[in-house]
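Student: No sequence on hand, only this structure:
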């Protein structure tokens with residue numbers, strides 16, 4: 001969710017995957033570390049909003065994320081214990097992610113950050129620094145855990161990621177002067193910065209291209225399969 005997708009959940013969903021390790025401190029709490037891989041994309045042409053359609057920008061970006069989370073189970077839960085078969089849960093934590101927005105130009109996907117499409121890297125726009133392709137995020141969300149047999153556990157979850165960058169889609173502020181972009185980064189930077197369907201070029205310089213007050217978000221949703229490495233300890237009947 002960003003300039004090219006202001007608010008639609010599950011818009012242009014892409015597949016992803018990763019690895020997870022969880023350590024249960026009790027039946028209610030668990031720590032998780034994970035590495036996830038996926039991608040995001042959006043197109044103004046599919047927005048349904050006239051002003052976005054005329055802006056005509058698009059992008060896609062791979063996402064690589066590493067994060068640490070704390071889970072809270074609403075009910076007691078332990079894989080392999082028939083007395084604790086399932087629970088809803090919430091989670092939150094801190095993470096790091098890498099992204100790299102690209103745009104399709106004549107059948108080739110071009111990395112946008114090196115082009116400084118909003119004037120980054122030019123002395124004319126000295127206040128616009130080149131953004132980093134690494135960022136911190138705050139993952140949080142909810143899900144349901146359950147187990148069916150043996151040491152296998154399953155969870156269905158949806159987690160949002162609050163980021164601190166507005167350049168996940170390479171769009172944030174205003175249009176830069178195409179002559180400045182051409183002089184700083186070449187013709188390709190000027191072409192990809194303004195792909196408007198009406199009056200592209202110098203006439204748009206200084207006009208709104210994005211909204212820098214709203215940072216970008218992304219999310220992961222799906223199924224997690226876990227295997228309990230240590231078998232469940234037998235309980236004394238007197239303490240059940």
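Tutor: Perfect, I can see it now. None of these values were measured; they are calculated from a predicted model. Residues are numbered from 1 along each chain as shown.
Student: what's next to the worst-scoring helix or strand of the chain on mean pLDDT, contact-wise?
Tutor: Confidence across the helices and strands of the chain bottoms out at helix 50-55, with a mean of 91, counting by mean pLDDT, DSSP states H and E. Residues external to helix 50-55 that are found in contact with it (C-beta atoms under 8 Å, 6 or more residues apart in numbering): 4, 44-45, 47, 195-198, 209. The C-beta positions use only the backbone N, C-alpha and C, and glycine is treated the same way.
Student: Looking at the residues you listed, spot the one nearest residue 177.
Tutor: residue 209 (12.4 Å; C-beta to C-beta).
Student: Just list the residues touching the closest one, thanks.
Tutor: Neighbours of residue 209 in contact, by C-beta under 8 Å, 6+ apart: 3, 55, 118, 171-175.
Student: Max pairwise distance over the contacts of helix 50-55: which two?
Tutor: Using C-beta to C-beta, the pair of the contacts of helix 50-55 lying farthest apart is 4 and 198, separated by 18.0 Å.
Student: More neighbours: which of the two?
Tutor: residue 4 (27 against 9; other C-beta atoms under 10 Å).
Student: now that one: how far from residue 211?
Tutor: 11 Å (C-beta to C-beta, to the nearest Å).
Student: Let's have the contacts of residue 209 in JSON lines, adding secondary structure.
Tutor: Shown next, in JSON lines, are the contacts of residue 209 (DSSP: H, G, I helix; E, B strand; the rest coil):
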{"residue": "3", "secondary structure": "coil"}
{"residue": "55", "secondary structure": "helix"}
{"residue": "118", "secondary structure": "coil"}
{"residue": "171", "secondary structure": "coil"}
{"residue": "172", "secondary structure": "coil"}
{"residue": "173", "secondary structure": "coil"}
{"residue": "174", "secondary structure": "strand"}
{"residue": "175", "secondary structure": "coil"}
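Student: okay, these in CSV with neighbour count next?
Tutor: Output for the contacts of residue 209, formatted as CSV (neighbours: other C-beta atoms under 10 Å):
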residue, neighbour count
3, 25
55, 26
118, 24
171, 25
172, 24
173, 18
174, 16
175, 24
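Student: so who does the closest residue to residue 114 other than its chain neighbours touch?
Tutor: Leaving aside its sequence neighbours, residue 114 sits nearest to residue 185 (C-beta to C-beta, 6 or more residues apart in numbering; 7.5 Å). Taking C-beta under 8 Å, 6+ apart, we find residue 185 in contact with 114-116, 121.
Student: Out of the contacts of residue 209, which comes closest to residue 165?
Tutor: Closest approach to residue 165 among these (C-beta to C-beta): residue 172, at 8.7 Å.
Student: Now that closest one. Its backbone dihedrals?
Tutor: Torsion angles at residue 172 (phi, psi; degrees, to the nearest 10) stand at phi -150, psi -50.
Student: separation between it and residue 214?
Tutor: On the measure of C-beta to C-beta, residue 172 and residue 214 end up 9 Å apart.
Student: Tell me the buried residues in the least confident helix or strand of the chain?
Tutor: Within helix 50-55, the residues scored as buried using 16 or more other C-beta atoms under 10 Å are 52, 55.
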